[in-house]
Structures are given as structure tokens and as C-alpha cells.
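Asks: My questions are about this predicted structure, shown below with the sequence.
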2 protein chains.
Amino acid sequence: MGKLTGKAVVAQGGGPTAVINQSLVGAVLEARKYDCIENVYGALHGVSGIVKEDFLDLAQATSQNLELVARTPSSAMFSTRDKPDAEYCSRIFTVLKAHNVRYFYYMGGNDSADTCRIVSENAQAAGYEMRVVHIPKTIDNDLLVTDHCPGYGSAGLFVANAFAGINLDNRSLPGVYIGVVMGRNAGFLTAAGIFGKKYPDDGPHLIYLPEKAFDIDKFLGDVDRTYKQYGRCVIAVSEGISNAAGEAIITTLTKSDEKDAHGNVQLSGTGALGDALGDTIKKQLKIKRVRSDTFGYLQRSMLGTVSCVDAREAREAGEKAVQFSLSEGVDGSVAIRRIGDYAVDYILTPLATVARNAKPMPDAFIDVANSTVTDAFRKYARPLIGDMAGYGRVAAPVVKKLLNL
Amino acid sequence: MGKLTGKAVVAQGGGPTAVINQSLVGAVLEARKYDCIENVYGALHGVSGIVKEDFLDLAQATSQNLELVARTPSSAMFSTRDKPDAEYCSRIFTVLKAHNVRYFYYMGGNDSADTCRIVSENAQAAGYEMRVVHIPKTIDNDLLVTDHCPGYGSAGLFVANAFAGINLDNRSLPGVYIGVVMGRNAGFLTAAGIFGKKYPDDGPHLIYLPEKAFDIDKFLGDVDRTYKQYGRCVIAVSEGISNAAGEAIITTLTKSDEKDAHGNVQLSGTGALGDALGDTIKKQLKIKRVRSDTFGYLQRSMLGTVSCVDAREAREAGEKAVQFSLSEGVDGSVAIRRIGDYAVDYILTPLATVARNAKPMPDAFIDVANSTVTDAFRKYARPLIGDMAGYGRVAAPVVKKLLNL
């Protein structure tokens, strides 16, 4: 197979993650090693920067600078919410061709994979040889084929650390606490809250995921039972929970006059769901101390909360994209395969197998009856979130009372 | 001065911090060294555990266990919101005396210092010799006398890391972002958001503190100007901001029918203020992408977000409490003195100088005109939050456009 000679373009799409720049830098540093790759351009704001020819010349970034960027959360080349249709994709192709781009590496979720797929088809239809490789990233962990997605582990570590701390806080000053976690259709991130639970009576005691219909009566029963058992209750809730009819709970619980303000679509960047659930508990169960936090954007971009495993794999996914583009002779998406406990390797899967569709949490990971997750989920997700700080309870005997007032 | 012989009691009050157990363990391990301290009891749930004689025998905790506890966020002996009056304090004294407690170490804020003051007076009035030492802690950093409070640095690191990540996220996907930070009367914690700002155009662009009257028109003008200048705007807001009449903005902005649900007092554990400010920006400035997060309880208890400086000083404050109780012959509160750039030592200040009253941010730290904080604040607070992860922008030249479509 002859090596294609031309430029490479790297770009980032969708919501940022804490390690998406590891993939960027992995691809850039790897691409800079090969003579057939004449230059590496970084498109600003993803596909939108490509159609505007907004490129940075990444061959002229120092390796020191790139290593610093790799450790920086959020998309360093900036992102876009543009979802290219066929016409948009053909404009992308036109620009790439004009710059003699022969290697296109695009970091993103299933929409980005679909963009790759259409651009790849455009190139083939035009008889223009170009390798298009999608590099997976999403904190939702909902891409098909891959065992898990770069970006998930670090967001999962945030959620795990958050619930570990919240559980200790709630134990110190008891009450009901609701933590609302990102995840419109997939509950993987919310489920990571389980790693905040160390001792049997620790929270989160209850976990609600978008994969299973949310029933407000079961919810109130769960909270009531837990509160009576432990004198407190810590709850992890996906922002995307919906009822059996598929209606988002954020819209069914908030008053109609608030709907415009909070919108039917916007789930993040508002405390509405947590507040509404908290209000319902206060009113129905007459529990006084009820608090809710919506973890919001901190989950995907907080400085300093990075899973070492996630960072390493994100880096490797970027490197492998370049290696596959040179060795395989076909377009595709980089996917992680779990080959040990815990070890991975990487494969190139056809773009169509990843594009558009998403993967929910499998039933085997969800314990519906007890409103929590299973040990199978723990086994699956534990390696991904990396190291958590050690912590523990005081182990000391009780002192005999003298006064018994 | 003869050494008092008897037991010691340690207890924790008020809101937890990430390093309050460093103070606990500092005091316990130090107290266990001295023959005149016959045992160290830990009261469960602060003063409320004392009056119920709910003590653990901390002489029988291993040093390995205590070191693990020291690294654990949130009050390991549990906390209480009880604010003892004179009668309650006399019950505390009765129990301490019954157990021959001669050393009482109480971690907390200004209310806890006041409890110490009254208990100390009770003991003196009864002619019962006992050393009462208050160990400062608060994420609000609002205690008098001390240069700063253990607990503040770690919460400040959380807020700094949060805004550093949020700024990068907001730069990647521009819009208006509001982060609501804990702080009812003191703005130190919100102000720590400034350490999320590295480059001149970084956010947080605007910072609003409870020390200065919040004017909604100035706020909207600030946001409008910033958004026009940078195409985005990151805002840090204290939960306790109030207008010139002293009314909390959370109550003036939220609709009257929501007041019961959100309450007039409860500022944390609800997304109401951020949502209301966001809605106002959307309506008045017609900006589409407006998001708000309320950082909530994560700020004070998130696992893994600890300032190394804060942890060390919290530990030392606990140790010094015991040393002062043996060497000084008077009761008091441990206070940190800044003696270098950056170095500290510790003094014992009379309980009455710390009790009840709180310290706001000094005017020299607040830049009212520009809705931000001053370099004097940066100089003051930077050493306290410890190390932040390094991060940076891509440094590479722009590529010349070929098509200019």
C-alpha cells in the first residue's frame, strides 16, 4: 500500500471533556513523525472552522506547548454544536481538498462519527483519496462498538469524588441530598456515583438512570424507606430521567410557568430538576433538611480531576488514529477493546458502526428493584475512573456514660 | 505552672471542610503524647454529643487509622447545627466535669468560639480548672484575628479549579456562564474564582460579593459589555449577594410563589439564584446560551480537592491547640499569623476576640467599579489554595486561507 502524501487536519466537536486534548496532542505528535504527512493543521471550532478555513499550523507548535495543552481540560481547538448535513459535509470536503488534506482526524461523539462518514463518502465519490478517522470522546460513554469512551473515566472520577465527599458531608449533618448528574439518554456517568460508596451504609443509597422509567411514587417510597433506615439519604439522579411515557421529569415536575425559562430541551446549566425533586420530598415526606446540587459543567471540565487511565487511553486513541490511517487503508473510528482485567487494545471499526446511534447502559448494570447499579457495573467501570484518594472512618470504642442525663 | 491532669475532649461543629479532620487528628495525636492527658475522647456530633455523653475513646484508635481519617473530608466525628445558649453551655460543662475533662478542644467557626467562651466562663465561675481551646475552621474565611482560616484554602482550590475549567469550557463553546459560590456574608470563597483566570481575556470576567450591594442594572450592564467585548462572559456570584436595602437577591429575583419552596434562609442546596440570574440575562440582554451552576456542597467536601498548604496548617492548628493548652495557662483560640511570603506561625488569642463576630472581605480586596477583585486579594489568597494543575493554550500561527469562501 502506497502512503498518501498530503496534509493532516485535526478538529474537535461536541461537548468538551477533561482529556480530549490528550487525543488532540496524541494525534498531532504522532502525525508530525511521518514524512508523508506534510503538515498538521488544527481547525478552530471543529467543522465550522474547516468550512471557514480557520486553521492553526500545528507543525509550528513546540512539543512543550503541546504537552501542556494535553494536560488542559476542554477542547483546546474549541468546539462547535454545528451538526453538518450533506451539503455542509460537501463544503468540508471542498476545503480539505483545496488544502490537499489527505488525513482528517475528528474527535467527537456519534454525530461527529456521522460527519466523518459523510465526508468519507464525499471523498470516495470524488475519487479523492483521503483517510478519515474518528477519535471517540464523550463523558456519556454511549458510543457503540468501543468498550468505553475517552472522557468518561475523568467525568466518572468527578462524580465518584463528589458523591464520596457528599456522603461524608451528609453523614456529618444528616438529611436528604440529591445530586443531579449529566446524561440525557445514558446513565453511565450517574452510575459512577456508586464509587462514592465505601461502607455498607454509605450513599449514594439510590441511583436513577434515564434507561429506566422514573416513577415518582416509587422514588418517594425509596427515599422514605432509606431515610427511615439510615436517618439520611443520598440520591444520584441523571438529568435525563423520564417517565414511562417518555416525558422528561424536569418538565413534568416544574410548574408550567417555568417551562419557558428552563426550556424543554435544556437539562444542564439549571438547577430546576434537583430543586423540583427536593421540593416534592419536602412536601410529600415532610423531611425538613433536603438539599440538591446540580453538578453541571464542572463534571466535564474541572481542572485537576483527571483519571490517569482515561488520560492515557485518550492519548493512545489519538496516536492510534494516525497509525491506523497510515496502516489500514480504510476509514474508520478508533475503538477500545478490553482484553484483560485491566488492559486494552485498539481497533479500527467502520464509521457506519459508530455513527448516529448511541448505546444505553445494559440491563445487567442496572438494579431496578433497589434503585441502584449492579456489581457487574462496578467491575466494568472501576478501572476506568483511575485512582481515588484514600479515606476512612474513625475506628475507636464507645466510652461508657457516667451521667446518662 | 503545674500541669493539669485529666481527660481531653475533642469535638467538631458547624459546616464540614475538606481538612477539618487534619485538625482533629493533629489535636488527638499531640494530646496522646502527654502523661497529664489521661485519655482523649471524641464527642460525636459536636456539643450535642457532649451533653449526651456520646464519646469515642480515641486513645484506642491506631495512628494508621487516624492518619487515614486526617485525609478524609468532612467532620469524622460528625457535626451539629446546635447553637448552645447559656443553659446548654452549663450542661456541656457539667458533663465535662463529671468525666474529669481538663482539656477541651473545639473545632468550628465563630459560634463555636462563643460556645468555648461560655464554657470557659462556666468553668471559671465554678472554680474548676480546665483549658478550653478553639480551633478555627471555616470555608468562609471570615473569622477575626487569624490571617485566614483552615478549610478556606481547600474550598478556594475547588472554586479556582472549577472556574479554570469552566473558563476553558466557555471559551470552547461560548455563552454566558454563572457559577454560584457559597458565602452568605463573606466573599472570600467566591473571590478565589479569580485564580481560574490565567490569560487576560479569561474568565471569571465578573465577580459579585456579598460585601457590596448588588445592583441588577449594573450587573446587566457589566454582562452586556463583557459579552460584546469577548463574545462570552463567565461570572462568579456569592450566594449571599443582596441589594442596597440588604434584601437577598435570591428572594428579590425569584417569583413570590417560589419563596416558600426555596425559603428565605436557605441559600445552598438549591439552584434558584443562578437560574433567576440566568433568566434575567436571557430576557433582558437577549443572549441565547446562558448557563448557571450552583457549586453547592461539593465545595466543602469533594474528595481529592485539598490544598496542601491548607491541610498542613489545619494539622498544625490542631497540634498547636494542645501545645498552647499545656504551655499558656489561659483559654483561647488558635490564630494563624502571616510572618513571611509565604510563612506562618500560630498564636493563642482570647476567645472573646473571635467569638460571635465575623470578618468581611476588606475593601482593599474588592474592585467595585470593575466587578472583580484586586491584586491585593490575589497576593493574599494565592498561597492558601496551594498547587493548581498547569494548563495552557495552543501556541501556533494561523494558516493562510486559500479559498476565502
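Replies: It's in.
Asks: For chain A, just list every one of the helices.
Replies: When assigned using DSSP state H, the helices of chain A occupy the ranges A:20-31, A:46-51, A:63-70, A:86-98, A:110-125, A:152-172, A:188-191, A:216-230, A:249-253, A:259-262, A:272-285, A:298-301, A:308-327, A:375-381.
Asks: Make JSON lines from the ones you listed and add mean pLDDT, distance to chain B and mean neighbour count to it.
Replies: Using the backbone N, CA and C atoms, a C-beta is placed for each residue, glycine as well. Converted to JSON lines, the helices of chain A look like this (pLDDT from 0 to 100; distance: least, CB to the nearest CB, whole Å; neighbours: other CB atoms under 10 Å in any protein chain shown):
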{"stretch": "helix A:20-31", "mean pLDDT": "98", "distance to chain B": "9", "mean neighbour count": "28"}
{"stretch": "helix A:46-51", "mean pLDDT": "96", "distance to chain B": "7", "mean neighbour count": "24"}
{"stretch": "helix A:63-70", "mean pLDDT": "98", "distance to chain B": "4", "mean neighbour count": "17"}
{"stretch": "helix A:86-98", "mean pLDDT": "94", "distance to chain B": "5", "mean neighbour count": "18"}
{"stretch": "helix A:110-125", "mean pLDDT": "95", "distance to chain B": "14", "mean neighbour count": "22"}
{"stretch": "helix A:152-172", "mean pLDDT": "98", "distance to chain B": "4", "mean neighbour count": "29"}
{"stretch": "helix A:188-191", "mean pLDDT": "98", "distance to chain B": "15", "mean neighbour count": "30"}
{"stretch": "helix A:216-230", "mean pLDDT": "98", "distance to chain B": "13", "mean neighbour count": "16"}
{"stretch": "helix A:249-253", "mean pLDDT": "88", "distance to chain B": "12", "mean neighbour count": "20"}
{"stretch": "helix A:259-262", "mean pLDDT": "38", "distance to chain B": "5", "mean neighbour count": "16"}
{"stretch": "helix A:272-285", "mean pLDDT": "93", "distance to chain B": "5", "mean neighbour count": "22"}
{"stretch": "helix A:298-301", "mean pLDDT": "95", "distance to chain B": "4", "mean neighbour count": "28"}
{"stretch": "helix A:308-327", "mean pLDDT": "98", "distance to chain B": "11", "mean neighbour count": "24"}
{"stretch": "helix A:375-381", "mean pLDDT": "98", "distance to chain B": "17", "mean neighbour count": "17"}
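Asks: For burial, what's the neighbour tally of the residue of the stretch 201-350 of chain A found nearest chain B?
Replies: When distances are taken as CB to the nearest CB, the stretch 201-350 of chain A approaches chain B most closely through A:Gly271, which lies 1.3 Å from it. The number of residues packed around A:Gly271, counting by other CB atoms under 10 Å in any protein chain shown, is 27.
Asks: Excluding sequence neighbours, find me the nearest residue to it.
Replies: B:Gly271 (1.3 Å; CB to CB, 6 or more residues apart in numbering or on different chains).
Asks: quick one on the thing from earlier: I'd guessed the residue of the stretch 201-350 of chain A closest to chain B sits against B:Phe295; true?
Replies: No - counting by CB atoms under 8 Å, A:Gly271 does not reach B:Phe295; the two are 11.0 Å apart.
Asks: Pull up the overlap in contacts between these two.
Replies: For the pair A:Gly271 and B:Phe295, residues contacting each of them under the criterion CB atoms under 8 Å, 6 or more residues apart in numbering or on different chains are A:Asp293.
Asks: Okay, A:Gly102 and A:Ala123: tell me how far apart.
Replies: Rather than Gly, residue A:102 is Arg. Distance from A:Arg102 to A:Ala123, counting by CB to CB, to the nearest Å: 10 Å.
Asks: Equivalent analysis for A:Leu384, please.
Replies: Computed as CB to CB, the A:Leu384 to A:Ala123 distance reads 34 Å.
Asks: Kindly report the same for A:Ala311.
Replies: In this view, A:Ala311 and A:Ala123 are 32 Å apart by CB to CB.
Asks: And A:Ala355, by the same measure?
Replies: With distances defined as CB to CB, the gap from A:Ala355 to A:Ala123 amounts to 16 Å.
Asks: now swap in A:Val237 and tell me
Replies: Relative to A:Ala123, A:Val237 is positioned 44 Å away (CB to CB).
Asks: Run through the residues that contact the residue minimising distance to the centre of chain A.
Replies: The structure's chain A has its C-alpha centroid closest to A:Ile139; by CA atoms, centre = their mean the separation is 0.3 Å. Shown in contact with A:Ile139 (CB under 8 Å, 6+ apart): A:Gly15, A:Thr17, A:Cys149, A:Gly151, A:Tyr152, A:Ser154, A:Ala155, A:Met182, A:Leu189, A:Gln299, A:Arg300.
Asks: which one of those residues is nearest A:Phe93?
Replies: Distance to A:Phe93, by CB to CB, is smallest for A:Gly15 among the contacts of A:Ile139, at 25.0 Å.
Asks: Correct me if wrong: the residue nearest to A:Gly271 contacts A:Gly274.
Replies: Yes - B:Gly271 sits in contact with A:Gly274 when judged by CB under 8 Å, with a separation of 6.3 Å.
Asks: Identify the contacts common to these two.
Replies: A:Ser292, A:Asp293, A:Thr294.
Asks: can you pull up the bridge partners for the first one?
Replies: Counting by DSSP bridges, A:Ser292 forms beta bridges with A:Ile178.
Asks: Excluding chain neighbours, give the residue nearest to A:Lys282 in space.
Replies: With CB to CB, 6+ apart as the criterion, A:Lys282 has its nearest non-adjacent residue at 5.1 Å, and that residue is A:Val290.
Asks: what about the one you found, how many neighbours?
Replies: One way to gauge burial is a neighbour count; for A:Val290, by other CB under 10 Å, it gives 25.
Asks: pLDDT wise, what is the residue lying closest to A:Gly151 once chain neighbours are set aside at?
Replies: Closest residue to A:Gly151 apart from its sequence neighbours, by CB to CB, 6+ apart: A:Thr17 at 3.1 Å. In the prediction, the pLDDT value recorded for A:Thr17 is 97.
Asks: Likewise for A:Val265?
Replies: You'll see A:Val265 listed with a pLDDT of 48.
Asks: Same question for A:Lys3.
Replies: Residue-level confidence at A:Lys3 comes out at 83, pLDDT.
Asks: can you tell me how far it sits from chain B?
Replies: A:Lys3 sits at a distance of 23 Å from chain B (criterion: CB to the nearest CB, to the nearest Å).
Asks: contacting residues around that residue?
Replies: A:Lys3 sits in contact with A:Tyr34, A:Cys36, A:Leu326, where contact means CB under 8 Å, 6+ apart.
Asks: Compute the number of surrounding residues for the second one.
Replies: By the other CB under 10 Å criterion, the neighbourhood of A:Cys36 contains 14 residues.
Asks: Please look at A:Val306 and A:Gly156 and confirm they touch.
Replies: No - using CB under 8 Å, A:Val306 is not in contact with A:Gly156, being 11.1 Å away.
Asks: Contacts only, for A:Val9.
Replies: When contacts are counted by CB under 8 Å, 6+ apart, A:Val9 touches A:Val40, A:Tyr41, A:Gly42, A:Ala43, A:Ile50, A:Phe55, A:Leu96, A:His99, A:Val101, A:Tyr103, A:Phe104, A:Tyr105.
Asks: any idea how far the fourth one is from chain B?
Replies: A:Ala43 sits 10 Å away from chain B when distances are taken as CB to the nearest CB.
Asks: so what pLDDT did that residue get?
Replies: 98.
Asks: bridging residues for it?
Replies: With DSSP bridges as the criterion, A:Ala43 is bridged to A:Phe55.
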